[in-house]
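Engineer: Predicted model and sequence below, questions to follow.
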Amino acid sequence: MSKEPYSVIHWFRRGLRLHDNAALLEALKPINDGDRFILRPVYIIDPWYKANVKCGQNRTRFLLQSLQDLDNSLRKLGSSLYVARGDPVEVFEKLFTKWEVKKITWEVNTEPYARERDRKVSSVAKMLKVKVTECDGHTLYNLDFLLSKNNGNVPLTQQKFTSLVTSIGHPAKPQKAPECLKKFAPSSEVEKELELPSHDEFYLDESASGKCLFPGGETEALKRLEEKICFENAKWVREFEKPLTSPNSLEPSTTVLSPYVTHGCLSSRTFYWKLFDVYEGAKHSKPPVSLKGQLFWREFFYTVGAHTENFDKMVGNKICRQIPWESNEEKLNAWKNSQTGFPFIDAVMTQLREEGWIHHLARHSVACFLTRGDFWQSWEKGKEVFEEYLLDHDWSLNAGNWMWMSASAFFHHYYRVYSPVAFGKKTDPTGAYIRKYLPQLEKFPNEFIYEPWKAPLSVQKDLGVIIGVDYPKPIVDHGTASKQNITKMKAAFAAASKAKAQNDADFSPPSKKKSKLLE
Ligand code: FAD
């Protein structure tokens, strides 16, 4: 039995929560019965992310708020968060020795950089005789387990995926947060360099951030979950069908739990089982359109993302169609900065830049517009813009959904194009959403709010807004551009089928290949 108190690190990365945190609970288990040890909850500001991931002001603020909330919650339990700076491998090399660490725990992260980083930290830990324990927690199931249950094949359709998880049964139930951490607290003072980051350190300029509609942190996450997924709201939860929700309502028509799930302020299993409670014994909608179905979409893209090389790129990604997209900075910037001349598209992009969250079907509309619909720009470029502005930016979900919407993978109906005019009108005929996000068009009559360029010049003059001067004319004619793009898509699909047939022939058994040559 060891007498000297050693240290155990729980490394927070995503998973910024105390509830349902299997890796944190694992950290609280002694290596040997009766061991006394110190818990060191650690978060690392890793410069790799600053150099490689675009993170705008709103998400930066969300992360900072989440860390502050986590530290507050830890302090209430008698612990606190140690924030270190630097390459995690170098940071841990020092901390393992300095703190006499014998164990480190963390939550599994299946993204490429995280895997490589964790592999390197594991080898340093091994060298310094520190035990590493990795626990699931970011997804409903272990993603390798899902693959093994599908005979080692990556499920590439949502239908297949839903029947797979349905055959497996419910994910594990969430675990409770620890109740007290006082007995694991160090007696000495915390070092200065391990303090929480300041706004300046994160380059957070409050004046450049938008309104804080969705504050970060586990406390907010659990509050929002209680408000949305509860018995008072049972009818909405049970009848929820994603396609019937509105992309342009002034208040969100879906849960807006995504920023919390992404940062791990909310456990997806806690979300799942809360839904289960509200569904229990009552008629309710089903996947893929139900709220449970939304969690399955997430799990689906995570499963494919974890098992597909170069999942976030077109080149070298075997599930992604190779499409000859154009590269036109002018079009990309017009789309990014709400200058396309299509008010619905420009309003959605304004909401994205200012608030950091947009509805799923709004994401569909602007993603279709940029890629196969109107502008014929690469989905990777759109993905980067979402990466910068979304509060809920997630490596797997962003890439998976962009591939879907650009008909690069998963989705085949490339001839179904969202109209930048008609689609928004269905749920918001008077254009209240456009008026909110594009105030320069506020006074346009309903009949012209989606197509202000059609307003007679006399009307434009009366309103003091000249289209082409005060607000852009449409950069493309939607009818013409979408028809041309459908033709290009058809050719790209044909080329992809041809390449696949060629590939299948090249890799078929020699006898078959020979007989094919003889035919
Ligand atoms: P709800 O409808 O309330 O759904 C509940 C939860 O289910 C969400 O919080 C989310 O975790 C999950 N979910 C819902 N829809 C999807 C979906 N289509 N794919 C995967 N998970 C889903 N979502 C992200 O979280 N991060 C991203 O980076 C992201 N990028 C996207 C890019 C594009 C081009 C598109 C079309 C969609 C993207 N989505 C992304 C998916 C989806 O739009 C958001 O998850 C959803 O709008 C979040 O709002 P909500 O929490 O109100 O969703």
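Structural biologist: Happy to help now that I have it.
Engineer: now the helix or strand that contains residue 458: how far from the chain's centre is it?
Structural biologist: Using DSSP states H and E, residue 458 sits within helix 457-463. Centroid separation between helix 457-463 and its chain, computed with C-alpha atoms, centre = their mean, to the nearest Å, is 43 Å.
Engineer: Please name the nearest non-neighbouring residue to residue 59.
Structural biologist: residue 391 (5.3 Å; C-beta to C-beta, 6 or more residues apart in numbering). In this view, the C-beta of every residue, glycine as well, is placed from N, C-alpha and C.
Engineer: Are we agreed that the one you found is in a helix?
Structural biologist: No: secondary structure of residue 391 (DSSP: H, G, I helix; E, B strand; the rest coil): coil, not part of a helix.
Engineer: Just the CA atoms of the top strand by length along the chain, as PDB, please.
Structural biologist: Using DSSP state E, we find that the single longest strand of the chain is strand 37-45. This file holds the C-alpha atoms of strand 37-45, laid out as PDB (Å, rounded to 0.1, in the frame of the first residue of the first chain):
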ATOM      1  CA  PHE A  37      -3.800  10.700  -3.900                       C
ATOM      2  CA  ILE A  38      -4.300  14.200  -5.200                       C
ATOM      3  CA  LEU A  39      -6.600  14.900  -8.200                       C
ATOM      4  CA  ARG A  40      -5.300  17.400 -10.700                       C
ATOM      5  CA  PRO A  41      -8.000  18.500 -13.200                       C
ATOM      6  CA  VAL A  42      -6.100  19.900 -16.100                       C
ATOM      7  CA  TYR A  43      -7.000  21.800 -19.300                       C
ATOM      8  CA  ILE A  44      -4.300  22.700 -21.800                       C
ATOM      9  CA  ILE A  45      -4.300  25.600 -24.200                       C
END
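Engineer: circling back: so which bits of the next helix or strand after the helix holding residue 458 are buried?
Structural biologist: Helices and strands here follow DSSP H and E; after helix 457-463, the next one along the chain is helix 478-506. Within helix 478-506, the residues that qualify as buried are 478, 481-482, 485-486, 488-489, 492, counting by 16 or more other C-beta atoms under 10 Å.
Engineer: Looking at helix 478-506 now, give me its mean pLDDT.
Structural biologist: Average pLDDT, helix 478-506: 90.
Engineer: Would you check which pair of the buried residues of helix 478-506 lies furthest apart?
Structural biologist: 478 and 492 (20.2 Å; C-beta to C-beta).
Engineer: Residue 97: what's its closest spatial neighbour, skipping adjacent residues?
Structural biologist: Here the residue nearest residue 97, using C-beta to C-beta, 6+ apart, is residue 128, at 6.8 Å.
Engineer: Now distance to the ligand too, for the buried residues of helix 478-506, in CSV please.
Structural biologist: Below are the buried residues of helix 478-506 laid out as CSV (distance: C-beta to the nearest ligand atom, whole Å):
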residue, distance to the ligand
478, 19
481, 19
482, 18
485, 17
486, 20
488, 20
489, 17
492, 19
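Engineer: Tell me who's in contact with residue 340.
Structural biologist: 334, 346, 369, 374, 420, 472, 474-475 (C-beta atoms under 8 Å, 6 or more residues apart in numbering).
Engineer: State the distance from it to residue 432.
Structural biologist: Distance, residue 340 to residue 432, by C-beta to C-beta, to the nearest Å: 20 Å.
Engineer: Please apply the same query to residue 330.
Structural biologist: Distance from residue 330 to residue 432, by C-beta to C-beta: 30 Å.
Engineer: Please say which of the two ends up with more neighbours.
Structural biologist: residue 432 (13 against 10; other C-beta atoms under 10 Å).
Engineer: pretty sure that one is touching residue 250, no?
Structural biologist: Yes: Residue 432 is in contact with residue 250 according to C-beta atoms under 8 Å; the separation is 6.2 Å.
Engineer: Now for whichever residue of the stretch 101-250 of the chain sits closest to the ligand, how many residues are close by?
Structural biologist: Closest to the ligand within the stretch 101-250 of the chain is residue 242: 5.7 Å, counting by C-beta to the nearest ligand atom. Using other C-beta under 10 Å, residue 242 has 18 neighbouring residues.
Engineer: Need the CA coordinates for stretch 164-178. CSV is fine.
Structural biologist: The C-alpha trace of stretch 164-178 is given here as CSV (Å, rounded to 0.1, in the frame of the first residue of the first chain):
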residue,chain,number,x,y,z
LEU,A,164,-27.5,-1.1,-36.5
VAL,A,165,-28.0,1.0,-33.3
THR,A,166,-31.6,-0.3,-32.9
SER,A,167,-30.3,-3.9,-33.0
ILE,A,168,-27.7,-3.0,-30.4
GLY,A,169,-30.1,-1.4,-28.0
HIS,A,170,-29.8,1.6,-25.7
PRO,A,171,-26.5,3.2,-25.0
ALA,A,172,-25.2,3.1,-21.4
LYS,A,173,-27.0,5.2,-18.8
PRO,A,174,-25.3,8.5,-17.8
GLN,A,175,-23.3,8.5,-14.6
LYS,A,176,-23.7,11.0,-11.8
ALA,A,177,-21.3,13.9,-11.1
PRO,A,178,-18.9,13.4,-8.2
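Engineer: which outside residues touch stretch 274-289?
Structural biologist: Against stretch 274-289 from outside (C-beta under 8 Å, 6+ apart): 158, 162, 170, 225, 229-231, 233-234, 237-244, 290-293, 295-297.
Engineer: what's the answer for stretch 151-165, then?
Structural biologist: 140-141, 146-147, 149-150, 287-288, 293, 296-297, 299-300, 303-304, 307-308, 319, 409-410.
Engineer: Within reach of the ligand, which of these are there?
Structural biologist: Restricting the contacts of stretch 151-165 to those near the ligand by C-beta under 6 Å from any ligand atom leaves residue 297.
Engineer: Only the buried subset of the contacts of stretch 151-165, as a PyMOL command please.
Structural biologist: Buried subset of the contacts of stretch 151-165, written as a PyMOL selection, criterion 16+ other C-beta under 10 Å:
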select buried, resi 140+141+146+147+150+287+288+293+296+297+299+300+303+304+307+308+319+409+410
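Engineer: now, which of the contacts of stretch 151-165 lie within helices?
Structural biologist: Using DSSP state H, 146-147, 149, 293, 296-297, 299-300, 303-304 are the members of those that sit in helices.
Engineer: residues in contact with the residue nearest the centre of the chain?
Structural biologist: Most central in the chain under C-alpha atoms, centre = their mean is residue 394, positioned 2.6 Å from the mean C-alpha point. The contact partners of residue 394, taken as C-beta under 8 Å, 6+ apart, are 258, 262.
Engineer: Reduced to three states, what does the closest residue to the ligand within the stretch 401-519 of the chain come out as?
Structural biologist: Closest residue of the stretch 401-519 of the chain to the ligand, C-beta to the nearest ligand atom: residue 401 (3.2 Å). Secondary structure assignment for residue 401 (three-state DSSP): helix.
Engineer: tell me the contacts of it?
Structural biologist: Contacts of residue 401 by C-beta under 8 Å, 6+ apart are 301, 363, 367.
Engineer: For the ligand, tell me which of the residues you listed show up nearby.
Structural biologist: Near the ligand, by the rule C-beta under 6 Å from any ligand atom, you find 301, 363, 367 out of these.
Engineer: Surely residue 435 touches residue 450?
Structural biologist: No: contact criterion C-beta under 8 Å: residue 435 and residue 450 do not qualify, at 11.4 Å.
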